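Asks: okay, here's the prediction I keep looking at, along with the sequence it came from:
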Amino acid sequence: MHKPDPLDEIRLGFFAECEDLLERLLDALADPCLMDPTHDAIHQAFRAVHTIKGGAASLGFDVLMAEAHGFENRLDQIRTGLAMPDARELSALLAAADKLSAEVTAAAENQPARKDSAPVTPALLTNSAPGVWTVRFKPSAALYATGNEPLHILNALTACDGATVHCDLTALPGLEVIDPEAGYLVWTVRLPADLPEATLREAFDFVDDLCDLSIARRGPGATPARNTAAVAPGATTMRVELPRVDRLMNLVGELVISQSILASTLADAGHDRRSPPVLAFEAQALLVRELQDAVMAIRTQPIKPLFLRMARVLREAAAKLGKSARLVCEGDTTEVDRAIIEQLAEPLTHMIRNAVDHGLEPPARRRANGKSETGDIQLVAANRAGRFIIELADDGAGIDRPRVREIATARGLVAPDQILSDMETDALLFQPGFSTARELTAHSGRGVGMDVVRSTLGRIGGRISIASTPGAGTRFTLSLPLTLAILDGLLVSVAGQILVIPLASALETGLVGDAGLRHDLSGRTLARMQDRHVPFVDAGQILRLGAPARVDRPDGIAVLIADEEDRRIALVVDDILEQTQVVIKDLISHCGPVPGIAAATILGDGRVALILDPGALVGIACGPGRMADPTPARPRKTG
């Protein structure tokens, strides 16, 4: 029977840590202040590589350690001011980061090292000082607890000729009282004095805060001993596989459904709000909400790692196309469901490449237009109206709408005499196979980019809009749900159906009388809500539920809803039932996209209710080229 290696779990922890360290490394390399040796960016990069090197050395991953050591030396040249990186050097650093990441993967998969990997050689330099180095090394309990192995350190020290090692066992207690997790042993290593002190200390770089260490040179030219005291380890963390978190999230969702069933049961039984069962239920509801928030905090993560990947995509695309571009990120600390982030990588990759290729002009043309040769591409993340928003904007030439119409006409997508609004023209970019590229390249001409973007977003309840100004650039806005799990909703009744309006999008509810209604020049009914006239839309009609039109009835119940761009409509419903939490169930993968519907949920009585998509409803109600709000927008009140 195969006996498990006790270091397997430690190795898994090391490779999990490497993911975070490589992310920090890329974050630092993307920092525009990397060129400044006094800025923390270069030190952050150095620390990340240094930590990987130390862990690799302690676990015997020699090739990975050598790769990290070479990278570390390169960073140290910049950190100490001996080298100032230019654009070419930055590209070399990014290539080194890719190589280091590949070595981490190879070590994790137990693959043989690549042939171009550097051999492991001690970083020994000649020092003519006479005498003998004496190294005293006493590991603390924390050193063993973190999976470090003193044997690897000793092997590194004794790799050169003339080294001797002595182990002091005087502090070792008897077996009856020994603590297997404590550190009792002390090693004394003597080495030739022609070794530089930096080489000796390098062996302890990754454990210098987990041991008592003194290094001194005895004899002529001796230096005083330097002691490094052990310090307490940092904050404790625990890594959990994502499927376990998803399972916990699903259980919380089922708990929410059970809570709804219990609420219905208590209401049907006629319990008073102050009765003991209802009070106990309300106390349980608070605990369930806290549990949900705690699980969501585990499931969500900042968008920053994805933005860092996009910085790499932009640099590679710009280099291949001979253009100069930089990525400006805002809101990269915005947190969103990890499942959403995973779905965004492919769409954003296509959009970044399109922005560099189609959006930004060549440097010569930008100079002629009075622009900087370096184009700006901006990525912004934010939460608005209960949705997660990503905006990608460039300062390029904007969409060439005449060419888009020309291509659409040639392909039979529109009639030659058909008049299109700018919005309708821009929407043609999402047609399968549509491309404005004049020739086929590695980046352009295949017409799969924006179609992939729209279809991917559609699978997760997202949408995309375009705003473009000729000569000034193009802005794409991606709107997605904050989570794919649970949301707060307002239950309404429409034509015998129960619908859910996301609570973050519901600004106001009320009855609309005769004085609140009017008609615009096109005959559209408007309602005055929150001092603004907004389209008065019948939910039953817009969702095709077969109900008679009610928009002209003065006793209509209206819910003022807004999308992420603060476009508003007053949605007419039959009744407002209650505010509750609902568990989001995927609908699109089973039924395909349904206009105005984002997802479904199961109510406490077992019935299925549809969850509305406010942004889609606003778009349907207004139609191409029509305004959602004919009055000037005013700042929304918060609090």
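Replies: In hand now; what should we look at?
Asks: could you use CA atoms for every contact and neighbour count after this?
Replies: Fine.
Asks: which ones are touching Gly270?
Replies: Not one residue lies near Gly270 by CA atoms under 8 Å, 6 or more residues apart in numbering.
Asks: ditto for the one 3 residues further on
Replies: Contacts for Arg273 (CA under 8 Å, 6+ apart) come out as Leu279.
Asks: distance of it relative to Glu282?
Replies: 9 Å (CA to CA, to the nearest Å).
Asks: identify the bridge partners of the closest residue in space to Thr188 that isn't next to it in sequence.
Replies: Once flanking residues are discounted, Thr188 sits nearest to Arg136: 4.6 Å by CA to CA, 6 or more residues apart in numbering. Beta-bridge partners recorded for Arg136 (DSSP bridges): Thr188, Ser214.
Asks: neighbours of Arg136, how many?
Replies: Counted by other CA atoms under 10 Å, the residues lying close to Arg136 total 20.
Asks: quick one: it and Val189 touch, right?
Replies: Yes. Shown here, Arg136 and Val189 form a contact pair, counting by CA atoms under 8 Å, at 6.5 Å.
Asks: report the secondary structure state of Leu560.
Replies: Three-state call for Leu560 (DSSP: H, G, I helix; E, B strand; the rest coil): strand.
Asks: likewise for the one 4 residues further on?
Replies: Following three-state DSSP, we place Glu564 in the coil state.
Asks: for it, give me phi and psi.
Replies: With angles defined as degrees, to the nearest 10, Glu564 sits at phi -70, psi -20.
Asks: repeat for Arg459
Replies: phi -70, psi -20.
Asks: what about it, how many neighbours?
Replies: When neighbours are defined as other CA under 10 Å, Arg459 has 16 of them.
Asks: now swap in Leu213 and tell me
Replies: When neighbours are counted by other CA under 10 Å, Leu213 registers 23.
Asks: pretty sure it is touching Thr134, no?
Replies: No. Using CA under 8 Å, Leu213 is not in contact with Thr134, being 10.6 Å away.
Asks: just the helices in the stretch 251-400 of the chain please.
Replies: Counting by DSSP state H, counting those that start in this stretch, residue ranges of the helices within the stretch 251-400 of the chain are 276-299, 304-321, 338-354, 363-368.
Asks: next up, the contacts around Leu21.
Replies: By CA under 8 Å, 6+ apart, the neighbours of Leu21 are Ala48, Val49, Thr51, Ile52.
Asks: phi and psi next, for the residue nearest to the spatial centre of the chain.
Replies: With distances taken as CA atoms, centre = their mean, the residue of the chain nearest its centroid is Ile303 (2.7 Å). With angles defined as degrees, to the nearest 10, Ile303 sits at phi -80, psi -10.
Asks: nearest residue to it in space, please, no chain neighbours.
Replies: The shortest distance from Ile303 to any residue other than its chain neighbours is 5.3 Å, reached at Asp332 (CA to CA, 6+ apart).
Asks: now the strands for the stretch 451-600 of the chain?
Replies: Applying DSSP state E, counting those that start in this stretch to the stretch 451-600 of the chain gives strands spanning 463-469, 473-481, 486-494, 497-502, 506-511, 517-519, 525-529, 532-538, 557-562, 568-573, 575-583, 597-602.
Asks: list the buried residues of the first one.
Replies: Buried positions in strand 463-469, judged by neighbour count with 16 or more other CA atoms under 10 Å: Arg463, Ile464, Ile466, Ser468.
Asks: including distance to Val245, could the residues you listed go into a markdown table?
Replies: Shown next, in a markdown table, are these (distance: CA to CA, whole Å):
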| residue | distance to Val245 |
| --- | --- |
| Arg463 | 27 |
| Ile464 | 29 |
| Ile466 | 35 |
| Ser468 | 41 |
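Asks: tell me the two of those residues that are most distant?
Replies: Arg463 and Ser468 (17.0 Å; CA to CA).
Asks: show me where the stretch 51-200 of the chain has helices.
Replies: For the stretch 51-200 of the chain, the helices defined by DSSP H, counting those that start in this stretch cover 62-79, 87-108, 141-145, 150-157, 197-202.
Asks: now what about stretch 290-304, what contacts it?
Replies: Outside of stretch 290-304, the residues within contact range by CA under 8 Å, 6+ apart are 245-246, 248-249, 252, 332-338, 341, 381.
Asks: just how off-centre is it within its chain?
Replies: Mean C-alpha position of stretch 290-304 versus that of the full chain (CA atoms, centre = their mean, to the nearest Å) differs by 13 Å.
Asks: rounded mean pLDDT for that stretch, please.
Replies: Mean per-residue pLDDT for stretch 290-304: 80.
Asks: what is the burial count for Arg274?
Replies: Neighbour tally, Arg274, other CA under 10 Å: 9.
Asks: ok, back up a step: can I get the buried residues of strand 463-469 in TSV including distance to Ile557 and pLDDT?
Replies: Putting the buried residues of strand 463-469 into TSV (distance: CA to CA, whole Å; pLDDT from 0 to 100) gives the following:
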residue	distance to Ile557	pLDDT
Arg463	28	83
Ile464	31	87
Ile466	33	89
Ser468	38	91
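Asks: for Leu521, state which of the contacts of stretch 290-304 is nearest.
Replies: Using CA to CA, these come closest to Leu521 at Ala381, 37.9 Å.
Asks: per-residue pLDDT of the closest one, please?
Replies: Ala381 is given a pLDDT of 91.
Asks: name whatever forms a beta bridge with it.
Replies: Going by DSSP bridges, Ala381 forms beta bridges with Ile390.
Asks: circling back to that earlier point, for Pro535, see how far away the residue nearest to Ile303 is.
Replies: Using CA to CA, we find Asp332 at a distance of 35 Å from Pro535.
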